[in-house]
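> Here is the input, now give the coordinates:
(2 chains)
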2 protein chains.
Amino acid sequence: MNLQNSINLYHHLNGLSRSRVPSPLKDIVKYMNEPGMISLAGGLPHPSAFPYSAMQLQIYSPEADVATVSSKSSALLDISVGKYPSLHHPNNLSTALQYSVSTGSKSLSAFLYNFVQRVLRPAYSDFEVLLHFGNTDAWNKVVNLLCEPGDYILVEEYTYPSAQAVWAPMGCCGVPIPLDKDGILPEALERVLSDWEQVHPGVRRPHLLYVVPTGQNPTGSTLPLERKKEIYSICVKYDVIICEDDPYYFLQMPDYVPPSERDSEGIAKSERVTDDSLVDKLVPTFVSLDYQGRVIRLDTFSKTMGPGHRLGYFVCNPLFSERLLRASEVTTQAPGGWSQAIIEEHLTAWKHEGLLRWFNNLRNIYTIRRDWLCDLIFSVFDVRPSSDGIADDYIVFPKGYGSDQDTGKRHMFSFNAPKGGMFLWIKLNLTSNSNYRTLKASGEGDPEGTLETKIWMEMIQEKAL
Amino acid sequence: MNLQNSINLYHHLNGLSRSRVPSPLKDIVKYMNEPGMISLAGGLPHPSAFPYSAMQLQIYSPEADVATVSSKSSALLDISVGKYPSLHHPNNLSTALQYSVSTGSKSLSAFLYNFVQRVLRPAYSDFEVLLHFGNTDAWNKVVNLLCEPGDYILVEEYTYPSAQAVWAPMGCCGVPIPLDKDGILPEALERVLSDWEQVHPGVRRPHLLYVVPTGQNPTGSTLPLERKKEIYSICVKYDVIICEDDPYYFLQMPDYVPPSERDSEGIAKSERVTDDSLVDKLVPTFVSLDYQGRVIRLDTFSKTMGPGHRLGYFVCNPLFSERLLRASEVTTQAPGGWSQAIIEEHLTAWKHEGLLRWFNNLRNIYTIRRDWLCDLIFSVFDVRPSSDGIADDYIVFPKGYGSDQDTGKRHMFSFNAPKGGMFLWIKLNLTSNSNYRTLKASGEGDPEGTLETKIWMEMIQEKAL
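A predicted model of the protein is given here:
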């Protein structure tokens, strides 16, 4: 397929990112990293004075069974990184622990570029991959790339709380877009944008959508492909940049099925996938629809290798990538050398296939956990498919009351079995809750908060018994 | 000594940092890290799914001779970090690779707090130590803590170029303070501040001084104690916050002496110090004079353990520390888990004494290098102590011309032997340079730049021969 280059989106940059110039010192470091070049002014300590000689690490084999790996040394691989490079082992501590250009390791970036091309499949040709310190760092950099104080940012109605804590102090405002069990509603997004001038005369129309497409925190929703397509078209029409914050992308799960339809290891019989078919089981990314380069994708190793790596990567157009790099040079610099060296060594040992196998294993682990939680609800309560007017798949009643005609009274909560991520969101039906009604009738100022505290305290006491 | 608490410096915070609120999720993580507490909404992956089993690292013994350590295994210490904590080894990968509160490891911070108290000796009682990602990250956070667009920042006349690249795009301006061979001139600083309203009517007086007190980049100057005292008093008088960016603090060197006055290992005979006396040989820090808490000190492991750690720490008052933490929560989060775990394990093995011994070794290494460079100048050229009107210690002439009466004509360059850091700054005397005069007479647009390129190209060709 012949892909086009990204379009020019310069007009989205804010004043700060337009004003950035390359860090004067980073040029020196750049040359320093070229063979045979030497600089006298970079402040680079000599690697002989780094007090480390070598590192060894025992990592899981990608097919390791996480539950038993610690007792089976056959499930472990030894990797090591020495102080100096050798012909067949270029990764080394002298480089990892030195200053580097803020793009970080070339070979790690190249591995990820190839992986992105194969698995995430951007729909334009000149996409770039740029390392960052995890998606919190990355989202902060995106806000500082695109937003001016006073800007409105399109967000999910229930958005990731930490994401707001970046832009709110900058004087930006969120425009909440309604969600249902499959994520934000395209028609609601379009309405906000088409009515903007009328509703907010004189205010700049939002030009950035922040979205967590997979296993959204807190709702647990995952956007289906058709919705992603609709949302992308709307963003093209109204010239909106999409920031796709997708830490749970590889933790997508098959649909929830009753225990009888699972195999002996707890995986849905119809759904056990090979490493290769995993890619086809995943809902395609926003970048895979992005023929213009208006999506900034945030990927991270936090949910798949451990958050403490503080390592992830942007997928975006070269203009944005270059400006993000300029910002990194004078703020964070390149991600930590240990994380880079370890992930590089690790991925070199695992290869694409190992990484996909690991993701597949993780998907199975999270599926088993999701199923355990859903099974528990099914076993403790009466659960019925939802009727009209309830946006969730399941309505839950006290045991024995699920077949009552007058269901409204006994409806305790509703939920969906999530298709990705780590969150199962339970929506309590407070109008049928007698404790809540009593609290409200008593004139309690914050009956929801008081009830919530009461429920948690009871659960803690139950745990303590 | 009974030290006072810091004074209230809230009025220095900019609008952004006043508006920050604690990240909603970090409270969850905080409780998560307390024994017995559990959260259901933090997005914390289970550590059993971190694909690492254990790490081993060979580090130098603190008394290792850097030149020969690789050939002597006796000079190496083995350290290791396992996946899970044990009674006598609390440091572990499950914690290091998990999300954490943005303060990072409590035990690492406690080690550093004790080290700071013993060695850097803040002059107020409620100082705090907060981890950061190295001084570039730290300076960016300080600018975003204190500066509004349009603010003027007091900087050394020749300042660290990368430091400007943070605030210039924010619309801040630098106020260059003249330097001599010992760093910025207190009287020049005072003049700028006392004359501010007259010279810049209607413009807010600068309230932040950025200074690299040791081995300044690029001039190589080190501020003597008396000057630090004067500068601190001026900053108290005019209510200025001092950002003490001090990556080279432990790389302070004895005065340059001729080879005959050095011992067999190349260290000045009068200057060989024990680990304990090292602390007394170092010029005291700005924080050691800071009885009000108006100094924000930036320390880093970059120059002493390797820049790739991306790990350092602030020393500052609790108000600033809390606001810096709020910013970290929504931008970088805590420093990388590998770096924290490794430095913690490393410092636990070395202890304060080992760290001071290592710093002392580094001081010796850099002294030998500084001396080698100065010796070379003395051997290739005629060098004379400077006369009045030249701000440097030494003036350099072509071999054989140092005793001429008409020295002005032959004066090639001047320099100081630095007392810290990595930089020896050579000031070319262009007025006596015939190449330069020819270039200038020819109407060349940028004679300095052209001459510089010519000199570098000749040096490269000489190297290639």
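> Would it be right to say that A:Val175 lies in a strand?
Yes - counting by DSSP: H, G, I helix; E, B strand; the rest coil, A:Val175 is found in a strand.
> Could you list the paired strands of the longest strand anywhere in chain A along with their orientation?
Criterion DSSP state E: the longest strand present in chain A is strand A:52-60. Paired neighbours of strand A:52-60 in the sheet (DSSP bridges): strand A:76-82 (antiparallel), strand B:52-60 (antiparallel).
> CSV for those strands, including distance to A:Tyr10, mean pLDDT and mean neighbour count?
In short, each C-beta sits where N, CA and C put it, glycine included. Supplementary listing: the strands paired with strand A:52-60 in CSV, determined by distance: least, CB to CB, whole Å; pLDDT from 0 to 100; neighbours: other CB atoms under 10 Å in any protein chain shown:
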stretch, distance to A:Tyr10, mean pLDDT, mean neighbour count
strand A:76-82, 40, 94, 17
strand B:52-60, 42, 95, 21
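> for those, which one sits closest to A:Leu193?
Checking these against A:Leu193 by CB to CB gives strand B:52-60 as the closest, at 45.2 Å.
> sorry, back to before: including distance to B:His12, could the strands paired with strand A:52-60 go into a markdown table?
What follows is the strands paired with strand A:52-60, written out as a markdown table (distance: least, CB to CB, whole Å):
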| stretch | distance to B:His12 |
| --- | --- |
| strand A:76-82 | 43 |
| strand B:52-60 | 40 |
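> closest to B:Val396 out of the ones you listed?
Per CB to CB, nearest to B:Val396 of the strands paired with strand A:52-60: strand B:52-60, 37.4 Å.
> Put the alpha carbons of that closest one into CSV.
Provided in CSV are the C-alpha atoms of strand B:52-60 (Å, rounded to 0.1, in the frame of the first residue of the first chain):
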residue,chain,number,x,y,z
TYR,B,52,12.1,-9.7,35.8
SER,B,53,13.4,-12.1,38.4
ALA,B,54,16.6,-10.5,39.8
MET,B,55,19.4,-8.1,38.9
GLN,B,56,23.1,-8.3,39.7
LEU,B,57,25.5,-5.5,39.2
GLN,B,58,29.3,-5.3,39.6
ILE,B,59,30.2,-1.9,41.0
TYR,B,60,33.6,-0.4,41.8
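> on that earlier part again, chain center to the longest strand of chain A: distance?
Here the centre of strand A:52-60 is set off from its chain's centre by 28 Å, with CA atoms, centre = their mean, to the nearest Å.
> Next: stretch A:161-170.
For stretch A:161-170 - counting by CA atoms, centre = their mean - the centre lies 17 Å from the chain centre.
> can you pull out the helices in the stretch 101-250 of chain A?
A:106-115, A:135-146, A:161-167, A:186-194, A:196-199, A:225-237 (DSSP state H, counting those that start in this stretch).
> ranking those by mean pLDDT, which is last?
For the helices of the stretch 101-250 of chain A, mean pLDDT drops lowest on helix A:161-167, to a mean of 89.
> what residue ranges in the stretch 251-400 of chain A score low on pLDDT?
Applying pLDDT under 70 to the stretch 251-400 of chain A flags the ranges A:388-390.
> which residues of it fall in helices?
A:275-281, A:318-330, A:337-380.
> CA atoms of the second one as PDB?
What follows is the C-alpha trace of helix A:318-330 in PDB, where atoms were taken according to Å, rounded to 0.1, in the frame of the first residue of the first chain:
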ATOM      1  CA  PRO A 318       7.700  14.500  12.100                       C
ATOM      2  CA  LEU A 319       6.800  18.100  12.900                       C
ATOM      3  CA  PHE A 320       5.300  17.200  16.300                       C
ATOM      4  CA  SER A 321       8.100  14.700  17.000                       C
ATOM      5  CA  GLU A 322      10.700  17.400  16.300                       C
ATOM      6  CA  ARG A 323       9.000  19.900  18.600                       C
ATOM      7  CA  LEU A 324       8.500  17.300  21.300                       C
ATOM      8  CA  LEU A 325      12.200  16.500  21.100                       C
ATOM      9  CA  ARG A 326      13.100  20.200  21.500                       C
ATOM     10  CA  ALA A 327      11.000  20.300  24.600                       C
ATOM     11  CA  SER A 328      12.600  17.100  25.900                       C
ATOM     12  CA  GLU A 329      16.100  18.500  25.400                       C
ATOM     13  CA  VAL A 330      15.600  21.200  28.000                       C
END
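> Ramachandran angles for the spatially closest residue to A:Ser328 that is not a sequence neighbour?
Excluding its sequence neighbours, the residue lying closest to A:Ser328 (CB to CB, 6 or more residues apart in numbering or on different chains) is A:Ser102, at 4.3 Å. Torsion angles at A:Ser102 (phi, psi; degrees, to the nearest 10) stand at phi -70, psi -10.
> does A:Ser102 really touch A:Gln333, like I thought?
Yes - using CB atoms under 8 Å, A:Ser102 is in contact with A:Gln333, at 5.3 Å.
> Up against chain B, what does the stretch 101-250 of chain A have?
Residues of the stretch 101-250 of chain A found near chain B (CB under 8 Å from any CB of the partner chain) are A:133-134, A:136-137, A:140, A:161-162, A:165-166, A:168-171, A:217-218, A:247.
> what two of these are the furthest from one another?
Pairwise over these, using CB to CB, the maximum falls at A:Gly171 and A:Pro247, 27.0 Å.
> which one of these two has more residues nearby?
Neighbour comparison, A:Gly171 and A:Pro247: the larger count goes to A:Pro247, with 27 against 14 (by other CB atoms under 10 Å in any protein chain shown).
> which residues touch the more buried one?
Neighbouring residues of A:Pro247 by CB atoms under 8 Å, 6 or more residues apart in numbering or on different chains: A:Asn135, A:Val212, A:Leu298, A:Asp299, A:Thr300, A:Ser302, A:Lys303, B:Gly43.
> try it again with 6 Å
Residues in contact with A:Pro247 (CB atoms under 6 Å, 6 or more residues apart in numbering or on different chains) are A:Asn135, A:Thr300, A:Ser302, A:Lys303.
> buried stuff in stretch A:280-292?
By neighbour count on 16 or more other CB atoms under 10 Å in any protein chain shown, the buried set for stretch A:280-292 is A:Leu282, A:Val283, A:Thr285, A:Phe286, A:Val287, A:Ser288, A:Leu289, A:Asp290, A:Tyr291, A:Gln292.
> Which residue is the nearest non-sequential neighbour of the first one?
Nearest in space to A:Leu282, with sequence neighbours left out and distances taken as CB to CB, 6+ apart, is A:Gln252 at 5.3 Å.
> That neighbour - how many residues pack around it?
21.
> Show me what it is bridged to.
With DSSP bridges as the rule, A:Gln252 is bridged to A:Gly420.
> same deal with A:Asp245?
Using DSSP bridges, the beta-bridge partners of A:Asp245 come out as A:Leu298.
> separation between it and B:Tyr366?
From A:Asp245 across to B:Tyr366, the span is 45 Å (CB to CB, to the nearest Å).
> How about A:Val175?
In this view, A:Val175 and B:Tyr366 are 56 Å apart by CB to CB.
> More neighbours: which of these two?
Between A:Val175 and B:Tyr366, counted using other CB under 10 Å, B:Tyr366 has the larger neighbour count: 24 against 18.
> My guess is A:Tyr99 contacts B:Gly306. True?
No - between A:Tyr99 and B:Gly306 there is no contact under CB atoms under 6 Å: 9.3 Å.
> Now the stretch 51-200 of chain A against chain B: closest residue?
The nearest approach of the stretch 51-200 of chain A to chain B comes at A:Leu97, 3.2 Å away (CB to the nearest CB).
> residues contacting the residue nearest to A:Ser328?
With contact set as CB under 6 Å, 6+ apart, A:Ser102 has these partners: A:Leu325, A:Ser328, A:Glu329, A:Gln333, A:Ala334.
> again, but for A:Leu145
Neighbouring residues of A:Leu145 by CB under 6 Å, 6+ apart: A:Ser17, A:Arg323.
> let's see it at 7 Å
With contacts defined as CB atoms under 7 Å, 6 or more residues apart in numbering or on different chains, A:Leu145 is in contact with A:Leu13, A:Asn14, A:Ser17, A:Phe320, A:Arg323, A:Leu324, A:Ala327.
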